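> coords please:
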Amino acid sequence: MEHSFIMTNSISVSVSEDITKLFENYHKLCDTLREKSAANGAKKGGKTSSVSSKTPRSLMSQKCAVKFLQLLFKDENPQHQDSIAVFHDRPGFVEYIINVSNQKLQQLVDRGRCDGAEGQNKEKVYQYCCLIAGIYMSHYSQKLQSGETVDKLLTNAMLDGLHNAFKYISIQQSEKIDTFLESMVTIKENENTVYNMIKKIQQLIINILSSDDHHGRLKDVVSLLNIVNLLVHQLPVSSENYTKITEWLKKISTNQSIEDGPVVKRLLQQYFTMLSKSSNVLVVLRDVAQDVHSLCGDIDQEIELEERTHYSVVNQKTAVPTVILLVLSQLDKELDYSDWVLNSLKSSLTLMTTTKNAVLGDNSQDEETGPTQRETQERSLCGRLGTLTTVFHELCQSTLPTGLTIETLLKTITHLYNTLGLMAKYYLMMYTQKLGHFSVRFEKLVKLTGTHLTQLIYAFITYAQLSQSEQIQADGKDKKKSAAGTSGSAKIIKERKYIPNLIFSIEQYEKFLIQLTKKSKVDLMEHIKLSTSRDFRINTAALNEALEEQSSSSDDTDGDSDGSEKENDSTQNAPAAKTAAPRGTANTSTAVKEPPKKKSKLQIKGKSKVKKT
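So this is what the prediction gives:
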């Protein structure tokens, strides 16, 4: 096909027909090879799989693929339209050319080069990437603005190829990113090239979300956001353009009610990532956690919550598990950062201990600036952990389904208490070495965890265990154990492993606080109730019911009990009478039938000593 196409000076209908015939033969050969491969796998005992429609590794060069794309989508010569129509009328041909082009782009992303004679020539590869990306962008934009019905497979393939082209240029040839973007967008003077490209993509996303049939194109939003993510890395975090993009993401999340899980996940993920670099993302995470709590309901059924949310993308279809798992993932990253800061502070404290004499020497300026910088970091870290505590305060009160959601929440809360324990241990080391004291913010943080989190966690553990028991009972009633039921039980068993780890982390944190209280002479345990959660729990309702039944049965057997006691007094000696059943037993007649207790060796030795005297 490449030889027939490249060697012709001008395209004609006959040449197009020859190329399409070659494509038909190539297609038949590929199908035959796939079928034989599947049959051989079945004979060897392997699992029979459906025939894959993925384009095999092509020998067509990137140069030929680009020329085909230019002919199919850019050529407006009237004399070529009949020849082009032959290619478009052949089913699968246009899709094949796009797949080959994307295959070359994927090779560039993975290896930095692609198959073909010019695959290692960076300048040629860059030119081809510019041509492919320009064709994809212009074709997709025209179809979207015109509102024409398009082949979703082709548009999705084009967006995937466009993303790979951006990825290769931004990683392998980032110094040419501006000229690469100028080949696709008209740039005005004194304007940022990257930001102009992002604005064009923003307009495409808005057109998709505002269109009537946007549900069929929501997958395109994910691909476009992936391209935005690549371009954002080219902007300074402190720039005005970076802030504008963040505000745009907030506006979309607040105003657009999107119910597609992957789109919401990618949108919020991009928003959280950008916020974590420029401002305080924890405040936004707290608002999202409040939205999840409001939509899921409270674990206390007597509490009614208003279904009022800060972000429209957080709704009944996306709150669980999409949004909450994304929030927990971001919280885990924030806790990792807090651990890194704590370890850094601990290292500096160790360094101060080893060089204590030098620090206390003549350089008084270093003595003042060092602790001040450290205390500033400590106060900032206490504020960060305090906001994290308020986020978990909302999530621990939410009614969540049994499975991955509860499991991830328990793991992340365990991480939080490990971090809190690490901080308490850091201050304990500080008091031991007599290098300083904790700040008022740390006292407030300890109070906040004791009053707003720890007790709620034990209530949430109770809720999780009850949900697990109900799930196990529901699976047990089903006589036909399906594969789904078995996997559900396995998830429940896995959840149970995280509860002891969480309780242990809480107790370790409280242990360090008790030690720190003794060192600092400040009562840090004032607002903390020591943990009492163990492997068993007293059910007060069942206990009261059992006591009522016991008291009623004891009243009915009072007469029989008196008669049996008299008979027992006449038949047993005095020491045996002292071994009667204690007060409050359910059935006193059983105590009468018991044989008298044997005397202990101590009593026998005592009597023998008396006889000797």
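
> average model confidence for whichever strand or helix holds Gln468?
With secondary structure defined by DSSP states H and E, Gln468 is part of helix 454-477. The average pLDDT within helix 454-477 is 86.

> ditto for stretch 255-264
The model assigns stretch 255-264 a mean pLDDT of 94.

> Endpoints of it, how far apart?
Start-to-end span of stretch 255-264 (CA to CA, to the nearest Å) is 13 Å.

> Now do the buried residues in it.
Neighbour-count burial for stretch 255-264, counted by 16 or more other CB atoms under 10 Å, picks out 256, 258, 260, 263-264. Every C-beta, even on glycine, is put in place using the N, C-alpha and C of the backbone.

> out of the residues you listed, what pair is the most spread apart?
Gln256 and Asp260 (10.7 Å; CB to CB).

> Can you tell me which of the buried residues of stretch 255-264 is nearest His452?
Lowest distance from His452 to these (CB to CB) belongs to Val264, with 28.4 Å.

> wait, isn't that closest one in contact with Thr318?
Yes - assessed by CB atoms under 8 Å, Val264 is found in contact with Thr318 at 4.6 Å.

> Which neighbours do those two have in common?
Common neighbours of Val264 and Thr318, using CB atoms under 8 Å, 6 or more residues apart in numbering, are Ile258.

> circling back to that earlier point, just the ones of the buried residues of stretch 255-264 in strands?
Among those, no residue falls in strands (DSSP state E).

> rewinding a little: and the helix holding Gln468, how far from the chain's centre?
22 Å (CA atoms, centre = their mean, to the nearest Å).

> Any buried residues in it, and which?
Within helix 454-477, the residues that qualify as buried are 454, 456-458, 460-461, 463-464, 467-468, 471, 475, counting by 16+ other CB under 10 Å.

> what do you get for stretch 430-443?
By neighbour count on 16+ other CB under 10 Å, the buried set for stretch 430-443 is 430-431, 438, 441-443.

> mind putting those residues in JSON lines, distance to Asn196, pLDDT and secondary structure included?
Converted to JSON lines, the buried residues of stretch 430-443 look like this (distance: CB to CB, whole Å; pLDDT from 0 to 100; DSSP: H, G, I helix; E, B strand; the rest coil):
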{"residue": "Met430", "distance to Asn196": "52", "pLDDT": "92", "secondary structure": "helix"}
{"residue": "Tyr431", "distance to Asn196": "57", "pLDDT": "93", "secondary structure": "helix"}
{"residue": "Phe438", "distance to Asn196": "50", "pLDDT": "93", "secondary structure": "coil"}
{"residue": "Arg441", "distance to Asn196": "44", "pLDDT": "95", "secondary structure": "helix"}
{"residue": "Phe442", "distance to Asn196": "48", "pLDDT": "96", "secondary structure": "helix"}
{"residue": "Glu443", "distance to Asn196": "51", "pLDDT": "96", "secondary structure": "helix"}
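
> Out of those residues, which two sit at the greatest distance?
For those, with distances taken as CB to CB, the pair at the greatest spread is Tyr431 and Arg441 (16.7 Å).

> any weak-confidence spans in the stretch 501-613 of the chain?
Scanning the stretch 501-613 of the chain for pLDDT under 70 picks out 531-543, 554-613.
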